[in-house]
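**Student:** 3D model of this:
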Amino acid sequence: TPLTPISFSNLQNVPAMNHAQVLRKSFNFLFMLIFLGIDLSAKTPEPNKNSGIHKNSNLASLASGCFPTTAKTDLDINNVRTTIMVGGDLWWDLSNSQYEVPKGSGKTSIFSGAIWIGGLDPGGNLKLAAMTYRQSGNDFWAGPINQITSDVNPATCFKYDRHWKLNRTDVQDWKNGQLPVMPEAIRSWPGNGDAANNEAQFLAPFFDADGNGIYDPAKGDYPYFDFQGNIPCKSCGDPAYKDVLMGDQSIWWVFNDVGNIHKQSQAPAIGLEVQAQAFAFATNDELNDMTFYKYKFINRSSSPLFQTYLGNYIDSDIGKFDDDFIGCDVSRGMAYGYNGDEDDNGAAGYGLNPPAVGADFVQGLMADANDGIDNNRNGIIDEACEEIYMSKLKYYNEDFSINGNPESALQFYQYMKGLWKDNTHQTYGGWGYGGTLPADFFFPGDSDPIGWGVGGTPAAPNPQTPWSEASVGNTPADRRFLMSAGPFTLQPGGVNTVTTAVIWARASSGGVAASVEKLKRASDKIQALFDNCFKTIEGPKTPTLSIRELNKELILSITNTKETESFNVLDPTIPTNYSEEKRKYKFQGYQIFQLANANISKEEIASRNPDMVRLVAQVDIKDGVKKLVNNIFDTSILSNVPQEMVNGRRQRNFTCI
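**Tutor:** Residues are numbered from 1 along each chain as shown. Okay, the predicted model is just below:
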């Protein structure tokens, strides 16, 4: 029988009891639990997803520390609506899946997820914090850490059990004096910590108009979106780097691992403060189906943490939860879940051509200098500002076998290191257990041709056959995976930052394989965009077209053309395997259309419906380029198909410039 959660607030609402009676009753309740032999710290199964409801069964804190976080806020600016929690877990509301794509469809692709992090102190003692479903309790609490005492008080946890949610346009409108009332999130923005409580001077990023280090929106300060677009998104020693907000919508919050006893992992606390940001962009391309999560890890303890690993735990449920597979792409550093059959049926399912969902470290943790590891797998060891890509990918079962749920701090840590609960390494092939060849990545398919996951190097080809769930004949079921990055060192006062992306893609035809392929291409695009700090290419200003009407004749004149005709810009989203010249947009000429009415869209222009759009003139630079061809990805054949966009020779009524 599920236990009913208790809390001090529930007990205090009983008017006939005094404080002594409350304490006596709570201790009696604890005594009953002990007497009955109920173990709340381990062997607690995950939620019963068949019921559609999961009742959170963690007890309220009975120590003199913080209570579990309860605040939740939706990230919802684009085609994704998902719930963000404060305490290290995401994408659910403590009961149900909340990663809804498309927004408003009622269909979800992830049940929940959480951050894990752990390492060794100088004495070799393991310190770790991790979350799954909160059945056993919490490892994270709200708020920044006291920098002197390295702890946090309950009042601070209560104060910071919230998010600050902002739309970029609202901040810009406020900055420009276009809003009559200051939005609450701008007014209460936690730019500075509480000095009386020894919190850090700077918390949430803000633009400091007068340079005094104090956030004051009445004096022109505002939450720091990079409106000028000139701040690099990675530091790497760049003096221009600043911590800024990203996306068209951003949610900021802060949490720690010292607010109470670690009941989930049963591990000693690290002394970790995490300043977090969830963000998304509203666009008309693949970016509209993605969300991003930036975590700034700060070691507020006096002890370094060695051999540290970060885990990104995801319970991916593609619509109907019990018919899924998982896999990874080693070359892209991406893990993903996809439907195990071609029809995601049932009321919760997506139906035919179901989507795939993936996770990627678009900004990896900074590796230790001179660690002797090629952390980004580019063939160069110990390069400057080297980032750690996905180091391991693990799957584990929903049971308490040797390859089931972790039940102790050591087992959480072993899983981040690619080990099983008996300290053996996961192996290549089958279910990844008991084989002869250690493997870092589960189900890589054919994405690791040089064998990075089995100790290979660029000079040592991978002797393995492709390994996937389908290749070993697995039965689709409920899946979850853990992608981890490490090892690295977190010194006292040290900071390390990671940005993860959740990528979603659905092909309109071609089935599951087409959705997975589309997911991989979206991963390439988003990595290129992030590396370019999400600066997308904007076309040149439209020149002026004037028309002089004569008898049965129109004379068209194009003026203000200098910027247009000098346009020559590199597109960072085009893969680097193309030459630099083929990655550029360069001016080649003009096309002039006659439209049926003023409401014709650019999509209708592209369709060339002769009842709506007619090409009446084309002018082309005389430079030897006679044809422009785009490669359009066709999901039915999983390949690029050349599509002619402009043919200068075919158009007869043109003039060469």
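
**Student:** tally of neighbours for the nearest residue to Thr149 once chain neighbours are set aside?
**Tutor:** Counting by C-beta to C-beta, 6 or more residues apart in numbering, the nearest residue to Thr149 once its immediate chain neighbours are dropped is Asn198, at 7.1 Å. Every residue, glycine included, has its C-beta placed from N, CA and C. Around Asn198 there are 14 other residues, counting by other C-beta atoms under 10 Å.

**Student:** Give me the phi and psi for Asn198.
**Tutor:** phi 60, psi 30 (degrees, to the nearest 10).

**Student:** how close does it sit to Val495?
**Tutor:** From Asn198 across to Val495, the span is 18 Å (C-beta to C-beta, to the nearest Å).

**Student:** same question, Ile555
**Tutor:** Here Ile555 is placed at a distance of 64 Å from Val495 (C-beta to C-beta).

**Student:** next one: Phe534
**Tutor:** 22 Å.

**Student:** between those two, who's got more neighbours?
**Tutor:** Phe534 (19 against 15).

**Student:** tell me the contacts of the more buried one?
**Tutor:** By C-beta atoms under 8 Å, 6 or more residues apart in numbering, the contact list for Phe534 reads Cys233, Met246, Gly247, Phe281.

**Student:** what's the answer for Ile84, then?
**Tutor:** Applying C-beta under 8 Å, 6+ apart, the residues contacting Ile84 are Lys72, Thr73, Asp74, Leu75, Leu90, Trp91, His163, Ile251, Trp253, Ala278.

**Student:** Quick check: Ser448 touching Arg332?
**Tutor:** For the record, residue 448 is Asp, not Ser. No - contact criterion C-beta atoms under 8 Å: Asp448 and Arg332 do not qualify, at 10.7 Å.

**Student:** Which one's more surrounded, these two?
**Tutor:** Taking other C-beta under 10 Å, Asp448 and Arg332 do not tie; Asp448 has more neighbours (24 against 19).

**Student:** Look at the more buried one and give its secondary structure.
**Tutor:** coil (DSSP: H, G, I helix; E, B strand; the rest coil).

**Student:** Nearest residue to it in space, ignoring adjacent ones along the chain?
**Tutor:** Using C-beta to C-beta, 6+ apart, the nearest residue to Asp448 is Val330, at 3.9 Å.

**Student:** And for that neighbour, the neighbour number?
**Tutor:** 24.

**Student:** thinking again about what came up before, just the local confidence number for the residue nearest to Thr149, please.
**Tutor:** For Asn198, the pLDDT comes out at 97.

**Student:** give me the number of residues near the closest residue to Gly340 other than its chain neighbours?
**Tutor:** In this structure, Gly340 finds its nearest non-sequential neighbour in Pro476, 2.4 Å apart by C-beta to C-beta, 6+ apart. Pro476: 18 surrounding residues under other C-beta under 10 Å.

**Student:** Pro476 and Gly337 touch, don't they?
**Tutor:** No - assessed by C-beta under 8 Å, Pro476 is found out of contact with Gly337, at 10.8 Å.

**Student:** list residues touching both of these two?
**Tutor:** Joint contacts of Pro476 and Gly337 (C-beta under 8 Å, 6+ apart) are Asp324, Phe325.

**Student:** picking that back up, would you show me how to pick out the buried ones of the contacts of Ile84 in PyMOL?
**Tutor:** The buried residues among those can be selected in PyMOL (16 or more other C-beta atoms under 10 Å) with this line:
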select buried, resi 72+73+74+75+90+91+163+251+253+278
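
**Student:** can I get the contacts of Ile84 in a markdown table with distance to Asp317 and secondary structure?
**Tutor:** Formatted as a markdown table, the contacts of Ile84 follow (distance: C-beta to C-beta, whole Å; DSSP: H, G, I helix; E, B strand; the rest coil):
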| residue | distance to Asp317 | secondary structure |
| --- | --- | --- |
| Lys72 | 19 | strand |
| Thr73 | 22 | strand |
| Asp74 | 19 | strand |
| Leu75 | 18 | strand |
| Leu90 | 14 | strand |
| Trp91 | 10 | coil |
| His163 | 24 | coil |
| Ile251 | 23 | strand |
| Trp253 | 25 | strand |
| Ala278 | 20 | strand |
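
**Student:** which one of the contacts of Ile84 is nearest Trp116?
**Tutor:** Within these, proximity to Trp116 (C-beta to C-beta) peaks at Leu90, which comes in at 12.7 Å.

**Student:** give the contact list for the closest one.
**Tutor:** Leu90 is in contact with Thr82, Thr83, Ile84, Ser112, Gly113, Ala114, Ala278, Tyr293, counting by C-beta under 8 Å, 6+ apart.

**Student:** can you pick the most crowded of those?
**Tutor:** Per-residue neighbour counts (other C-beta under 10 Å) across the contacts of Leu90 peak at Ser112, which has 29 neighbours.

**Student:** Which residues does that residue form beta bridges with?
**Tutor:** Beta-bridge partners of Ser112, counted by DSSP bridges, are Asp315.

**Student:** Next one, pLDDT for it please.
**Tutor:** 96.

**Student:** Quick one: mean pLDDT over the helix or strand encompassing Gln591.
**Tutor:** If you go by DSSP states H and E, Gln591 is part of strand 589-595. Model confidence over strand 589-595, given as mean pLDDT, is 88.

**Student:** Check stretch 549-556 too.
**Tutor:** Stretch 549-556 shows an average pLDDT of 89 in the prediction.

**Student:** Start and end of stretch 456-469, how far apart?
**Tutor:** Length of stretch 456-469, first residue to last, C-alpha to C-alpha, to the nearest Å: 22 Å.

**Student:** Rounded mean pLDDT for that stretch, please.
**Tutor:** 70.

**Student:** Report the residue spans of the stretch 51-200 of the chain with pLDDT below the cut-off.
**Tutor:** Applying pLDDT under 70 to the stretch 51-200 of the chain flags the ranges 51-64.

**Student:** tell me, how many neighbours does Glu504 end up with?
**Tutor:** Actually, residue 504 is Trp rather than Glu. Neighbourhood size, Trp504 [other C-beta under 10 Å]: 26.

**Student:** so what's it bridging to?
**Tutor:** For Trp504, the beta-bridge partners under DSSP bridges are Val357.

**Student:** surely His163 meets Val86?
**Tutor:** Yes - between His163 and Val86 a contact is recorded at 6.9 Å, counting by C-beta under 8 Å.

**Student:** Now for those two: what residues contact both?
**Tutor:** Common neighbours of His163 and Val86 (C-beta under 8 Å, 6+ apart) are Ala71, Trp253.

**Student:** Now Asp343: closest residue in space, sequence neighbours ignored.
**Tutor:** Closest residue in space to Asp343, ignoring its immediate chain neighbours: Leu352 at 5.6 Å, by C-beta to C-beta, 6+ apart.

**Student:** which residues does the one you found contact?
**Tutor:** Glu342, Asp343, Asp344, Gly511.

**Student:** Farthest-apart pair in the residues you listed, please.
**Tutor:** Greatest spatial distance among the contacts of Leu352 (C-beta to C-beta): Asp344 and Gly511, at 10.8 Å.
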